[in-house]
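quick one, what's the 3D model for this:
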Amino acid sequence: MALQVGEKAPQFEAKDQNGNVVKLSDFQGKKVVLYFYPKDNTPACTAQACSLRDNYEALLAKGYVVLGVSIDDQKSHLKFATKYSLPFPILADTDHSLVEAFGVWGEKMLYGKKYMGTIRTTFIINEEGMIEDVITKVNTKNHAEQVLN
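Take a look at the predicted model:
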């Protein structure tokens, strides 16, 4: 079960595509767009990342910090971020600690087969570290607009 609006966001630290350690506490006093996505270089995940990239200046102007998270490793994230010129950190959650802490690891269905995976979800975390909004019906092509509205 994903975390809900009004709950405190779990503290975390993870390495980004460049090997930098990123902690939620680094962004105290800022609004954080923490988006979880299933896999680097897949069509929907690429569309989502590019929507956030293309609207990055507007997001910054509204005071947002953007952090992507998937269970792919740092090397995969570096290729993905480089290929699409992503200006924000993509966190490698290879041990599933973030997807589990935020409740977005669960059963999915593809071509009639059930499997465990990351449930595409975006958390908007306010300046005090509280979850202000949870976007579960992500429009990958227009995700930045969903965040900004």
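
show me what contacts the spatially most central residue of the chain?
For the chain, the residue nearest the mean C-alpha position is residue 35 (1.9 Å; Cα atoms, centre = their mean). Residues in contact with residue 35, defined by Cβ atoms under 8 Å, 6 or more residues apart in numbering, are 48, 52, 66-69, 121-123, 138, 143. In this view, the C-beta of every residue, glycine as well, is placed from N, C-alpha and C.

which residues in this protein form strands?
13-15, 21-23, 31-36, 64-70, 90-92, 105-110, 113-118, 121-125, 131-135 (DSSP state E).

of those, which shows the lowest average pLDDT?
Ranked by mean pLDDT, those bottom out at strand 105-110, which scores a mean of 91.

what are the buried residues along it?
residue 105 (16 or more other Cβ atoms under 10 Å).

can you list the strands that it pairs with?
strand 113-118 (antiparallel) (DSSP bridges).

distance of the residue nearest to the centre of the chain from residue 111?
25 Å (Cβ to Cβ, to the nearest Å).

before we move on, back to that, dump the strands of the chain to a markdown table, plus distance to residue 80.
Below are the strands of the chain laid out as a markdown table (distance: least, Cβ to Cβ, whole Å):
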| stretch | distance to residue 80 |
| --- | --- |
| strand 13-15 | 14 |
| strand 21-23 | 16 |
| strand 31-36 | 14 |
| strand 64-70 | 9 |
| strand 90-92 | 7 |
| strand 105-110 | 20 |
| strand 113-118 | 15 |
| strand 121-125 | 17 |
| strand 131-135 | 21 |
